[in-house]
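Participant: Let me see the structure of the following:
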Amino acid sequence: MGVFKNSLKTAVLLGLLMGICLAIGSIWGERGLVMGFVFGGAGAFISYFFSDRMALAAAHAVPVSPDEAPELYSIVDSLAQRDGIPPPRIYMSPEMAPNAFATGRNPAHSAICVTQGLMQMMNRDELEGVLAHELSHVKHRDILISTLAAVMAGAISMLAWMAMFDTMAGGGRRRGGNPLLGLAAMILAPVAAGLVQMAVSRSREYAADAGAAKLCGPAGLISALKKLEVGNQRIPMDISPAASHMFIVHPLSQKVSEGMTGMFRTHPPTEKRIAALVAIMQRSPVMA
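Facilitator: Okay, the predicted model is just below:
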């Protein structure tokens with residue numbers, strides 16, 4: 001049932017973002033509609049089939065063998081068996097910032113990447129909590145949905161910039177359109193797409209935390225999140241902001257405040273995630 005719901009959400013999300021692409025493209029008339037369809041369709045195709053390779057390359061990740069990381073393989077194999085999914089491929093990034101992410105379009109084509117900093121900072125229980133969180137993303141195809149949203153939002157932004165320059169050059173007036181309305185749409189469309197992307201990412205982080213708590217209890221993940229928040233403030237990761245939605249905690253060093261800026265944050269505040277996990281522990285003491 002959960003997979004069906006996520007598939008339905010994916011279809012709705014793609015339809016919404018494709019509609020924004022087409023709306024911006026319509027500024028150029030029929031030619032623009034084709035351009036909007038091409039941009040949106042290409043973004044969806046690339047993210048579906050190649051998002052895992054792109055994500056791993058962005059993190060400079062390399063595959064590790066069971067001999068190189070026996071504890072990592074032991075935990076992942078045990079959790080995957082418990083969760084009823086195939087064990088994902090395992091990669092390691094040389095980054096010293098403690099973090100992790102999952103990628104792949106479905107459980108059969110998935111990978112989990114951990115940083116060297118994570119392996120050095122976490123004890124076994126904390127590492128288990130982090131990996132259970134990432135396996136929950138894998139099981140429910142969360143990463144595919146978030147990546148599709150991110151790529152489509154990028155395509156919308158690119159179209160918006162092209163339309164803005166065209167309008168400034170007088171293209172909108174030549175077609176009899178309203179330049180002010182066109183400029184408003186070009187500014188608001190990327191904002192709307194970004195808000196959709198961020199809302200998708202935040203909701204899935206809470207769900208993955210709950211899935212990890214169900215799989216191995218919340219205590220290890222609570223402790224891990226506390227360390228991750230401190231570690232990523234102290235050691236920023238060399239990663240593009242466009243890829244920040246992939247990670248278990250926001251990988252950039254800046255402190256994002258609540259309010260207007262917080263609307264665009266890809267992750268819920270860590271303290272709120274911890275509070276949600278504590279509430280789960282209090283409701284079900286046996287999970288602790």
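
Participant: where exactly do the strands run in the stretch 101-250 of the chain?
Facilitator: 109-115 (DSSP state E, counting those that start in this stretch).

Participant: how near is residue 103 to residue 236?
Facilitator: Distance, residue 103 to residue 236, by Cβ to Cβ, to the nearest Å: 21 Å. Where C-beta positions appear, they are placed from N, C-alpha and C, glycine not excepted.

Participant: what about these two, which has more around it?
Facilitator: Taking other Cβ atoms under 10 Å, residue 103 and residue 236 do not tie; residue 103 has more neighbours (29 against 13).

Participant: hang on, isn't that one packed against residue 143?
Facilitator: Yes: if you go by Cβ atoms under 8 Å, residue 103 and residue 143 touch, sitting 5.2 Å apart.

Participant: who touches both of those two?
Facilitator: Common neighbours of residue 103 and residue 143 are listed as 51, 110, 246 (criterion: Cβ atoms under 8 Å, 6 or more residues apart in numbering).

Participant: and the first one, how many neighbours?
Facilitator: Just to be clear, that refers to residue 51. For residue 51, the neighbour count with other Cβ under 10 Å is 21.

Participant: With the last one instead?
Facilitator: Summarising burial for residue 246: neighbours were counted as other Cβ under 10 Å, giving 26.

Participant: can you pull the contacts of the nearest residue to residue 246 once chain neighbours are set aside?
Facilitator: Leaving out its chain neighbours, the residue that sits closest to residue 246 by Cβ to Cβ, 6 or more residues apart in numbering is residue 101, at 4.0 Å. Residues in contact with residue 101 (Cβ under 8 Å, 6+ apart) are 55, 59, 112-113, 134, 143, 246-248.

Participant: Low-confidence stretches in this structure?
Facilitator: Applying pLDDT under 70 to the chain flags the ranges 1-18, 20-33, 35-36, 39-40, 43-44, 46-48, 146-201, 241-242, 252-266, 285-288.

Participant: quick one: the helices in it?
Facilitator: 2-25, 30-58, 70-83, 116-121, 124-139, 142-168, 171-174, 179-216, 219-234, 270-283 (DSSP state H).

Participant: Hmm, residue 52 is touching residue 102, no?
Facilitator: No: in this structure, residue 52 is not within contact of residue 102 by Cβ under 8 Å, at 9.3 Å.

Participant: hey, what's in contact with both of the two?
Facilitator: Counting by Cβ under 8 Å, 6+ apart, the residues touching both residue 52 and residue 102 are 110-111.

Participant: For stretch 221-240, buried residues please.
Facilitator: Going by neighbour count (16 or more other Cβ atoms under 10 Å), the buried part of stretch 221-240 is 221-225, 227-229, 231-232, 235, 237, 239.

Participant: should've said stretch 92-100
Facilitator: So for stretch 92-100, counting by 16+ other Cβ under 10 Å, buried means 92-93, 95-100.

Participant: Closest one of these to residue 70?
Facilitator: Nearest to residue 70 among the buried residues of stretch 92-100, counting by Cβ to Cβ, is residue 92 at 13.1 Å.

Participant: Mind listing the residues bridging to the closest one?
Facilitator: With beta bridges defined as DSSP bridges, residue 92 has these partners: residue 62, residue 114.
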